[in-house]
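# Structure for the following, please:
(chains A and B)
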Amino acid sequence: MKLRLSPQTLMVLDAFLVQAEEWKYGYDLSRVTGLKSGTLYPILMRMAERKLLETEWEAGEPGKPPRHMYRFTPDGLRFARANAVGRSGAALEQVALGMVEG
Amino acid sequence: MGAPRTLATALLRYAIRVAPEASGEWAAAMLRELDFVEGDWAALIWALGSTTVILRDAASACRERLKGKTKEEVGMNNTGKKALGVGLGLFSALALVGCAFATLRISGLLFPGLEHSPWAYWLAVMIIPEAIFIIATIALWRKRGPVAAGILATGLMMALHVAVHFSMR
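Numbers count the residues shown, from 1 in each chain, chains lettered A, B, ... in the order given. Next up, the predicted model:
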């Protein structure tokens, strides 16, 4: 499961981890992460391609076109959680090293 | 709706038209989100970013097509090439048989009586071409399989023709 974990991708993964079981919209993710559409959507597309994300069209009000929604797949959730744990472990290690050196 | 938002919508609608089939869903999703973007200028920035993504994807798909990398295309090319090879083999073999007939006719004109000799006939039209077909098939089988198959098919047709000819007599 190869996904380049750029800082922007990590921001998107973190945004999805908040209430992970809920569907999320593209614009909301953009506001939460501060990423522009040109950065956010390629990340979402890659995640969906690698089956980390499931997508669905939300049937909205009648006469209005549906809205695209995104949510972690079980694999995606595991992947994001493993990365979050890895990062927090590394951060703790850095803090500990800082304390020892300090 | 302000001018920047109108421009944003027009831009994304254009992008959807040129979007490759695979990313059409994503392009539609980006257009739909435009309705929720607050502020006209923010909408234009959203549309510019989205259009860039779609156009980049379209360019990438176009490059792939030009390279002929999709599996279906490779399959189609291979089938076409094989058919062409078999056709070339058939055509070459039939041309050889035609040349053998022509040679026999010219020899008959130069050496009267030769044309009526059954041995000369069988040698020129049957035995020599069949020997050439067998040698060519063996030589080409590995490197030019379809061409060899075409030649072999012609050889077999000729052999069948001879067998039918003898059985009818």
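
# Give the buried residues for stretch B:153-169.
For stretch B:153-169, a neighbour-count test (16 or more other C-beta atoms under 10 Å in any protein chain shown) marks B:Ala153, B:Thr154, B:Gly155, B:Met158 as buried. In this view, the C-beta of every residue, glycine as well, is placed from N, C-alpha and C.

# which outside residues touch it?
Contacting residues not belonging to stretch B:153-169 are listed as B:Val86, B:Gly89, B:Leu90, B:Ala93, B:Leu94, B:Val97, B:Met126, B:Pro129, B:Glu130, B:Phe133, B:Ile134, B:Thr137 [C-beta atoms under 8 Å, 6 or more residues apart in numbering or on different chains].

# Going by neighbour count, which residues of whichever strand or helix holds the second one are buried?
Which is B:Gly89. Using DSSP states H and E, B:Gly89 maps to helix B:71-110. For helix B:71-110, a neighbour-count test (16+ other C-beta under 10 Å) marks B:Gly85, B:Val86, B:Gly89, B:Leu90, B:Ala93, B:Leu94, B:Leu96, B:Val97, B:Ala100, B:Leu104, B:Gly108 as buried.

# ok, now stretch B:125-138?
Going by neighbour count (16+ other C-beta under 10 Å), the buried part of stretch B:125-138 is B:Val125, B:Met126, B:Pro129, B:Glu130, B:Ile132, B:Phe133, B:Ala136, B:Thr137.

# If we ignore the residues flanking it in sequence, what's nearest the spatially most central residue of chain A?
Centroid-nearest residue in chain A, with C-alpha atoms, centre = their mean: A:Leu13, separated by 2.2 Å. Leaving aside its sequence neighbours, A:Leu13 sits nearest to A:Ala80 (C-beta to C-beta, 6 or more residues apart in numbering or on different chains; 4.4 Å).

# check contacts around the one you found.
By C-beta under 8 Å, 6+ apart, the contact list for A:Ala80 reads A:Leu13, A:Asp14, A:Phe16, A:Leu17, A:Ala20, A:Leu52, A:Phe72.

# Am I right that B:Leu31 is in contact with B:Tyr14?
No - between B:Leu31 and B:Tyr14 there is no contact under C-beta atoms under 8 Å: 10.5 Å.

# Between these two, which has more neighbouring residues?
B:Leu31 (22 against 14; other C-beta atoms under 10 Å in any protein chain shown).

# Please give the element, helix or strand, for the more buried one.
B:Leu31 belongs to helix B:24-33, assigned by DSSP H and E.

# same for the following helix or strand past that helix, what does it pack against?
Scanning forward in sequence from helix B:24-33 by DSSP H and E, the next helix or strand is helix B:40-67. Contact partners of helix B:40-67 among helices and strands, from 3 or more C-beta pairs under 8 Å, 6 or more residues apart in numbering or on different chains; DSSP states H and E: helix A:37-49, helix B:3-18, helix B:24-33.
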